[in-house]
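Q: A predicted structure for the sequence below; I have some questions about it.
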Amino acid sequence: MSESTQVSDRTTTREQAPVRPGATKWRWAAAAALLAAAVYAPFQLVPFHVFQLTMVLIYAVALLGLNLLVGHAGQISLGHGAFFAVGAYTAAILLDRWDAPYPLTLPVAALVAFVLGLAFGVPAMRLRGLYLALVTLAIAIFLVPLLKRFEEVTGGSMGLSLAKPAPPAWTGLAEDQWLYFLALAVTVAAFLLAASLLRSRVGRALHAIRDNEAAAEVMGVRPAYYKTLAFAWSAMFAGIAGCVYTWVIGFVSPDSFVVNLSITLLAGLVVGGLGSLSGPVLGALFVMFVPSISQDINEAAPGVIFGLLIIAVMYVAPTGLAGLAGRATNSIKKTLRKG
Amino acid sequence: MAGFLQQVIVGLGTGAIYASLALALVLIYRFTGIVNFAQGELAMFSAYVAWQFTAVGVPFWLALVLALVVSFAGGMLIERVIIRPVEGAPELTVVIVTVGLFIFVNAAAGWIWTFLIKDFPNPFPGGALEMGGLSVGFGTLGVFAVVGIVMGLLYLLFQHTKIGLGMRAVSTNPESARLVGIRVGWTLALGWGLAATVGAVSGVLVAPLLFLEPNMMGGVLIYAFAAATLGGFDSPVGAVVGGLVVGVAETLAGAYVTAIGPDLKVGVPLAIILGVLLLRPQGLFGRAVVERA
């Protein structure tokens, strides 16, 4: 988490806080404290809240993938819900048809989503970002009737019901707590993977392309190759999230993965913060809790709030909540140093 | 053979509707270089406005005119208020703003008119015109007539009026247009207003066929995208031809290819978009843009 990456944007004020030696240490401390709180939480909350937090973790993984694409590669996907669904269905079908062990479903779901992302990324990425948005939107719309069609495999509109992973006896955990810890483990692993990916050659290439494609190309970075790769990686993270979703919910049906899911994911990410590692977590909290709270006002309230917030965020804070939080800490630090 | 031709006619009828929404997309793209993901939702909202007028007792055709006027004003307002601040911003920012608009308009319609399905009056009589074994529904003919009139008016506006000349100048080169005294900002707003009006026509034409509800245009939008991609995003003629081709392809695929069938025909636009991107990215009538760094 050493780089505070920000969306390259004319409206963004690029305020890179000078990284002092102490800053990294504080970040690690904050991450450790957050993790400790995350481990402690399920023992204090009622099962329903534990379930909600589990969903937050799942969304965070999906948003992490989407962030790789939107925040770091500067491309737009309006169909990440489809890759989420692919992961969920891959896991569900493996469990339903072949009685596969749970741990096996995760790599398979990841691989299937990765390969699909690669396949769709090749035609879409040869051109500007706009076409990827079109293609992904079309995929998200097409997937639902496709899932309904192949009834013998996918269970059609009725979907598939599955047994949830049972907690091993030695842990002494309840089912909801066990599922929570499974999701937490996957989320932590996914964040570490994404962080190291971004610090590698691939991450640097993506930032170079996002900030100035022509310059990157001159430096020997192949834009189409890296953009396609970023799309495939981000599809993979969505697939992983979908797989954990299947474990936790124990049920998949086409109507859980309508276009709205994809659009909500993008909305959550934008509000949470593009291009930062904490953005997906904040976005996931948003995706989970804003609809459930605001639904009481009106059925349409979540949409109105999301829509207005996205536009407002793009105007005033293109780095989202994460960027605002970063700015706030910076100014607090400055005040402290002065005082 | 008659059955086949019959399907082609049905396809052309739906294609004309896709063409009108695609035309709205192309108009905005030509002027501002923006692909407006909210275009379908704006059309849906316009259809609701028309429905609201008929619901309070305004005769249909007057309600349509009123709805078009409201849409035109709304389109201009959206450009002034929402799009203006991100003018010239990177594509990512603009696309996200239009997606935000998409979500907002969709939810706002649900909030105002609820998510319950509404019955939209069909302006055209139910019968059909019989010609040599083929029957062409009056509805289809009506759609053709309306879309044809809209295209004709747009052509007249762009090619034979001073405003149209100014609009063409702005879409070719905004800086030079500004230098010769054209008010670029207002012209762009005018472009959005026109696009919203053309989109409103497609919304009003779709509403009696599908049912009027906030998610009505979601599927239509993707067909319009396929049409615009096929015709070339910067070509109005391409949008119309693309719309008709997509409509016919969709209907024929649904009717004759059993593996696709009526349920999977929404895959046709996806296949068309992918095919065009692979084979001829600028579309049939579009100009290939050479980018200079």
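A: That came in fine, so what should we check first?
Q: Any idea how many residues pack against B:Leu42?
A: Burial of B:Leu42 is recorded as 26 neighbouring residues (other Cβ atoms under 10 Å in any protein chain shown). Any C-beta I mention is one placed from the backbone N, CA and C, and that applies to glycine too.
Q: Same question for the one 4 residues further on.
A: A count of neighbours around B:Ser46, defined by other Cβ under 10 Å, yields 27.
Q: And for A:Ile139?
A: 29.
Q: Next, report how far the helix or strand hosting B:Leu153 is displaced from the centre of its chain.
A: Take DSSP states H and E as the rule and B:Leu153 turns out to sit in helix B:138-160. What separates the centre of helix B:138-160 from the centre of its chain is 13 Å, taken as Cα atoms, centre = their mean, to the nearest Å.
Q: For that helix, name the packing helices and strands.
A: Secondary-structure packing of helix B:138-160 (3 or more Cβ pairs under 8 Å, 6 or more residues apart in numbering or on different chains; DSSP states H and E): helix B:2-32, strand B:128-131, helix B:162-172, helix B:184-206.
Q: if we go to 10 Å?
A: Counting contacts by 3 or more Cβ pairs under 10 Å, 6 or more residues apart in numbering or on different chains; DSSP states H and E, helix B:138-160 packs against helix B:2-32, strand B:128-131, helix B:162-172, helix B:184-206, helix B:236-256.
Q: and the ones you listed as a markdown table, adding mean pLDDT?
A: Formatted as a markdown table, the helices and strands packed on helix B:138-160 follow (pLDDT from 0 to 100):
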| stretch | mean pLDDT |
| --- | --- |
| helix B:2-32 | 86 |
| strand B:128-131 | 76 |
| helix B:162-172 | 85 |
| helix B:184-206 | 89 |
| helix B:236-256 | 88 |
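Q: Out of the ones you listed, which one sits most buried?
A: helix B:184-206 (a mean of 25; mean count of other Cβ atoms under 10 Å in any protein chain shown).
Q: Run the chain-centre distance for that one.
A: 9 Å.
Q: Repeat that for stretch A:66-76.
A: 11 Å.
Q: Would you mind measuring the gap between the ends of it?
A: 9 Å (Cα to Cα, to the nearest Å).
Q: model confidence over that stretch, on average?
A: Averaged across stretch A:66-76, pLDDT comes to 84.
Q: near chain B, anything from it?
A: Yes - judged by Cβ under 10 Å from any Cβ of the partner chain, stretch A:66-76 comes into contact with chain B through A:Val70, A:Gly71, A:Ala73, A:Gly74, A:Gln75, A:Ile76.
Q: helix or strand right after the top helix by length along chain A?
A: Criterion DSSP state H: the longest helix present in chain A is helix A:223-249. Using DSSP H and E, the helix or strand that follows helix A:223-249 in sequence is strand A:251-252.
Q: got the buried residues for the longest helix of chain A?
A: A:223, A:226-249 (16 or more other Cβ atoms under 10 Å in any protein chain shown).
Q: Next, residue 132: phi, psi?
A: I'll assume chain A. When read as degrees, to the nearest 10, the backbone of A:Leu132 gives phi -60, psi -40.
Q: Can you look at chain B instead?
A: B:Gly132 adopts backbone torsions of phi 50, psi 50, taken as degrees, to the nearest 10.
Q: that older thread, how about the helices and strands packed on helix B:138-160 in JSON lines, adding distance to A:Ala41?
A: Below are the helices and strands packed on helix B:138-160 laid out as JSON lines (distance: least, Cβ to Cβ, whole Å):
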{"stretch": "helix B:2-32", "distance to A:Ala41": "47"}
{"stretch": "strand B:128-131", "distance to A:Ala41": "65"}
{"stretch": "helix B:162-172", "distance to A:Ala41": "56"}
{"stretch": "helix B:184-206", "distance to A:Ala41": "47"}
{"stretch": "helix B:236-256", "distance to A:Ala41": "50"}
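Q: Identify whichever of the ones you listed lies nearest to A:Asp96.
A: Ranking these by proximity to A:Asp96 (Cβ to Cβ) places helix B:236-256 first, at 30.1 Å.
Q: Just the C-alphas of that closest one, formatted as PDB.
A: Coordinates of the C-alpha atoms in helix B:236-256 are reproduced here as PDB (Å, rounded to 0.1, in the frame of the first residue of the first chain):
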ATOM      1  CA  PRO B 236     -26.500   9.400 -38.900                       C
ATOM      2  CA  VAL B 237     -27.200   7.400 -42.100                       C
ATOM      3  CA  GLY B 238     -25.200   4.600 -40.600                       C
ATOM      4  CA  ALA B 239     -27.400   4.700 -37.500                       C
ATOM      5  CA  VAL B 240     -30.500   4.300 -39.500                       C
ATOM      6  CA  VAL B 241     -29.100   1.500 -41.800                       C
ATOM      7  CA  GLY B 242     -27.600  -0.200 -38.700                       C
ATOM      8  CA  GLY B 243     -30.900   0.000 -36.800                       C
ATOM      9  CA  LEU B 244     -32.800  -1.700 -39.700                       C
ATOM     10  CA  VAL B 245     -30.100  -4.400 -40.200                       C
ATOM     11  CA  VAL B 246     -30.000  -5.100 -36.400                       C
ATOM     12  CA  GLY B 247     -33.800  -5.300 -36.300                       C
ATOM     13  CA  VAL B 248     -34.000  -7.700 -39.200                       C
ATOM     14  CA  ALA B 249     -31.100  -9.800 -38.000                       C
ATOM     15  CA  GLU B 250     -32.600 -10.100 -34.600                       C
ATOM     16  CA  THR B 251     -36.000 -11.100 -35.800                       C
ATOM     17  CA  LEU B 252     -34.700 -13.600 -38.300                       C
ATOM     18  CA  ALA B 253     -32.300 -15.100 -35.800                       C
ATOM     19  CA  GLY B 254     -35.100 -15.400 -33.300                       C
ATOM     20  CA  ALA B 255     -37.500 -17.000 -35.800                       C
ATOM     21  CA  TYR B 256     -35.300 -19.300 -37.800                       C
END
